[in-house]
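# Mind looking at a prediction? Sequence and model below.
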Amino acid sequence: MAEQLTIPSTGTKKDIYAAVVPQIEALIASESDLVANLANIAAVLKQAFDFFWVGFYLVKDGQLVLGPFQGPLACTRIPFDKGVCGACYREKQTLIVPDVEAFPGHIACSSESRSEIVVPVLLNGEVRMVIDVDSKALNDFDEQDKEGLEQVAAAISRWLAKYGD
Ligand code: SME
């Protein structure tokens, strides 16, 4: 069956998240493979928002390991004490970085990246992965992205509770 994404052609970012989140939920609801689902979620977010880089770092072997993504080549492994992703893991909360050069310890996978948002996916209080989004523009992420991406994270968390990984 062909999968199709419906994205409103007009409207705010909030409207786009409102349209996309339920479609992500439906897309992953009956698929039990984690990598397949994360790959499709990265594709949906890229298609909906044309993000420069969007993808996942999964908690594995005591560090963050690159998962499915869309965008340029990225760093493979991030220690918990490094980068915005490591800070998100430690703090268990969404981090919006308006200017990556002003964030101590930021890891520049691409020199073109200027701002970033990282959202944790929690299950039973433990961070299982983070959603990382990068932009080529300064100050490109706001509360609407935080709210929308936290809804995506919550959908993944519900999926993890159902299927494990
Ligand atoms: N900038 C991130 C590293 C991952 S890349 O942006 C894809 C960080 O500082 O953790």
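Sure, I can see it. Keep in mind the model is a prediction, meaning the values are calculated, not measured. Residues are numbered from 1 along each chain as shown.
# interface residues of this protein facing the ligand?
Listed as neighbours of the ligand in the chain under the rule CB under 6 Å from any ligand atom: 53, 74-75, 78, 83-85, 106-107, 109, 113, 116, 132, 134. Where you see a C-beta, it was placed from the backbone N, CA and C, and this is true even at glycine.
# show me where pLDDT drops low in this structure?
In the predicted model of the chain, residues 1-2, 165 satisfy pLDDT under 70.
# element containing the residue positioned nearest the centre of it?
Geometric centre of the chain, nearest residue: I131, 2.3 Å, by CA atoms, centre = their mean. Using DSSP states H and E, I131 sits in strand 126-135.
# so what strands line up beside that strand?
When pairs are called by DSSP bridges, strand 126-135 turns out to pair with strand 53-60 (antiparallel), strand 115-123 (antiparallel).
# Please enumerate residues in contact with it?
Identification of contacts with strand 126-135 by CB atoms under 8 Å, 6 or more residues apart in numbering yields 38, 45, 51-59, 64, 67, 71, 84-85, 88-89, 92, 109-110, 113-122, 141, 145, 149, 152-153, 156-157, 160, 165.
# Redo the strands paired with strand 126-135 as a markdown table? Include mean neighbour count and distance to K13.
Below are the strands paired with strand 126-135 laid out as a markdown table (neighbours: other CB atoms under 10 Å; distance: least, CB to CB, whole Å):
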| stretch | mean neighbour count | distance to K13 |
| --- | --- | --- |
| strand 53-60 | 21 | 14 |
| strand 115-123 | 22 | 12 |
